[in-house]
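Visitor: coords please:
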Amino acid sequence: MSQDKTPSFIQTQHAFTNYIRDPKSAPRPSDIEERRINIYRDLLFSNISSTLSDGFPVLKKICSEQQWENICRDFYCRHPSQSPYFSDISQEFVQYLQNERSDSPDSIKDFPFLLELAHYEWVELIISIAEDEIENTSINDPLNQALTVASTALAVAYTYPVHKISPDFLPKKAPATPTFLAVYRNADNRTGFLETTSMTHALLIALTNNTKLLTSQILSTLANDLQHPNPDLVIEGGLTILDDFISRGIVVPAKHF
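Guide: The predicted structure follows:
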């Protein structure tokens, strides 16, 4: 039988963290006073739970107190976080819902839109803290300029109308039509959203990370993809939409590399 050659201090660390994460399944290290380790365990969970509550206020609000605590504890116990920073906990939580939550017996009671709502609230968070890129280039001729989506905006699509979910609106099944949103931060540094259409969403996706394609090229490609009988109408409608997005700071000049 092979002998564990892991240094004793690392074995102690593993035993300590295993107990901290899941005291019901992992034994308490015998060389650490129970009162001390429990204080540390409760403090760490309280910090993580508080961070999740701040990052996902709607999700917390629609859950019962016990249901929310169970979800937080399951995340705390089950998810192998890759980042050591508290600022990344919200992203880790979304990954947990996507990858590990279904392994929990309690997941059968989850809302069907749980992951999508959490993702939407996470998007609102990252937009609220995104660095605003300073761009001196003006947009005088949008059709013949290269434009892109601002770092403080994001186009997203969901099967559920996540922006409407509240304690008074808890859909049990997805509607026939998907929800398309543009989440952005305005000039007053407030995060908001616009409901968009599938075509507008496709335009924003095409503009995302664009560095060199002219708007005329993007709109022509979009009209071709849609097989629209009158491409000029697509281009005209796209320009009207872009004028609004430019005024809101959702669309900005593209950086050339």
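
Visitor: those strands in the stretch 51-200 of the chain, which residues are they?
Guide: In the stretch 51-200 of the chain, the segments counted as strands under DSSP state E, counting those that start in this stretch are 147-149, 153-158, 179-185, 191-196.

Visitor: Off-centre distance for the longest one?
Guide: Yep, that's strand 179-185 we're talking about. With CA atoms, centre = their mean, to the nearest Å as the basis, strand 179-185 stands 12 Å off its chain's centre.

Visitor: Run me through the strand neighbours of that strand, direction for each.
Guide: Partner strands for strand 179-185, per DSSP bridges, with pairing direction: strand 153-158 (antiparallel), strand 191-196 (antiparallel).

Visitor: what sits up against it?
Guide: Applying CB atoms under 8 Å, 6 or more residues apart in numbering, the external contacts of strand 179-185 come out as 120, 123-124, 127-128, 130, 132, 150, 152-163, 191-198, 200-201, 204, 245, 248-250. No exception for glycine: its C-beta is placed from N, CA and C like everyone else's.

Visitor: ok so, going back, out of the strands of the stretch 51-200 of the chain, which gets nearest to residue 74?
Guide: Shortest distance between residue 74 and the strands of the stretch 51-200 of the chain, using CB to CB, is found for strand 153-158: 23.2 Å.

Visitor: buried sites along that closest one?
Guide: 153-156, 158 (16 or more other CB atoms under 10 Å).

Visitor: do stretch 203-214 as well
Guide: For stretch 203-214, burial by neighbour count (16+ other CB under 10 Å) applies to 203-204, 206-207, 210, 214.

Visitor: Can you lay out these as TSV showing secondary structure?
Guide: TSV is the format used below for the buried residues of stretch 203-214 (DSSP: H, G, I helix; E, B strand; the rest coil):
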residue	secondary structure
203	helix
204	helix
206	helix
207	helix
210	coil
214	strand
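
Visitor: Adding distance to residue 94 and pLDDT, write those residues out as JSON lines.
Guide: Below are the buried residues of stretch 203-214 laid out as JSON lines (distance: CB to CB, whole Å; pLDDT from 0 to 100):
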{"residue": "203", "distance to residue 94": "26", "pLDDT": "96"}
{"residue": "204", "distance to residue 94": "21", "pLDDT": "97"}
{"residue": "206", "distance to residue 94": "25", "pLDDT": "96"}
{"residue": "207", "distance to residue 94": "24", "pLDDT": "97"}
{"residue": "210", "distance to residue 94": "26", "pLDDT": "95"}
{"residue": "214", "distance to residue 94": "35", "pLDDT": "96"}
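
Visitor: As a markdown table, these with distance to residue 104 would be great.
Guide: Formatted as a markdown table, the buried residues of stretch 203-214 follow (distance: CB to CB, whole Å):
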| residue | distance to residue 104 |
| --- | --- |
| 203 | 39 |
| 204 | 35 |
| 206 | 38 |
| 207 | 39 |
| 210 | 41 |
| 214 | 49 |
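
Visitor: Show me which helix runs longest in the chain.
Guide: Looking across the chain with DSSP state H, the single longest helix is helix 34-55.

Visitor: from the chain's centre, how far out does it sit?
Guide: Here helix 34-55 is found 23 Å from its chain centre; the criterion is CA atoms, centre = their mean.

Visitor: where do the helices sit along the protein?
Guide: For the chain, the helices defined by DSSP H occupy 8-21, 34-55, 57-62, 65-78, 89-99, 114-129, 198-207, 215-226, 231-248.

Visitor: quick one: which of these has the weakest pLDDT on average?
Guide: Of all the helices of the chain, the minimum mean pLDDT falls on helix 8-21 (a mean of 62).

Visitor: now the contacts of strand 179-185: which count as buried?
Guide: For these, buried by 16+ other CB under 10 Å: 120, 123-124, 127, 130, 150, 152-156, 158-163, 191, 193-194, 196, 200-201, 204, 245, 248, 250.
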